[in-house]
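Colleague: This is a predicted model, with the sequence first.
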Amino acid sequence: MPTRTARTAWNGTLQEGSGQLELSSSGTGTFPVSFPKRAADDADGTTSPEELVAAAHSSCFAMAFSGELGNVGATPEQVEVTADVTLSPDPAGGFQISTIALSVRGYATGTDEAGFRKAAEDAKLGCPISKALAGVGDITLDVSYEG
């Protein structure tokens with residue numbers, strides 16, 4: 001299996017510095033990063049590690065969910081996955097990802113609501129990013145079957 005690479009070049013202090021994040025393996029983009037914007041309510045065109053974790057988790061979950069549905073002979077027709085990743089102060093010092101809220105909405109042919117929900121629960125457990133984030137205090141899953 002392949003190894004994927006991202007690279008960040010940083011200049012300056014935590015509070016006054018900034019960096020450029022490059023998605024090296026895919027070459028699909030370079031994105032600005034900065035701690036003050038990371039901690040602000042408005043990202044103002046700057047990404048953050050938490051947004052990248054959300055992107056990784058939502059896309060991984062969508063793939064795992066599609067696989068779980070396929071395992072029971074179902075076909076996802078329209079599925080949307082959202083991941084909300086929250087950065088919070090860590091009681092031990094610094095910061096932590098305190099919660100991740102996964103949400104999946106949609107429908108699939110070849111299954112009912114119970115099967116759709118079970119596939120989502122199984123995907124949450126089997127997604128490699130979910131496994132990597134097992135240390136996050138609270139990962140929730142909201143499933144909405146729209147079939």
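Modeller: Thanks, I have it. Model, not experiment: these values are computed from the prediction.
Colleague: Okay, buried residues for the worst-scoring helix or strand of the chain on mean pLDDT please.
Modeller: The weakest-scoring helix or strand in the chain, judged by mean pLDDT, DSSP states H and E, is helix 35-38 (a mean of 94). Residues of helix 35-38 classed as buried by neighbour count (16 or more other CB atoms under 10 Å): 35, 37-38. Bear in mind the C-beta positions are built from the backbone N, C-alpha and C, glycine included.
Colleague: go on, stretch 112-121?
Modeller: Under 16+ other CB under 10 Å, the buried positions of stretch 112-121 are 115-120.
Colleague: From those residues, pick the one nearest residue 42.
Modeller: Ranked by distance to residue 42 (CB to CB), those are led by residue 120 at 31.3 Å.
Colleague: Grab the nearest non-local neighbour of the closest one.
Modeller: Excluding the flanking residues, the one nearest residue 120 by CB to CB, 6 or more residues apart in numbering is residue 143, at 4.7 Å.
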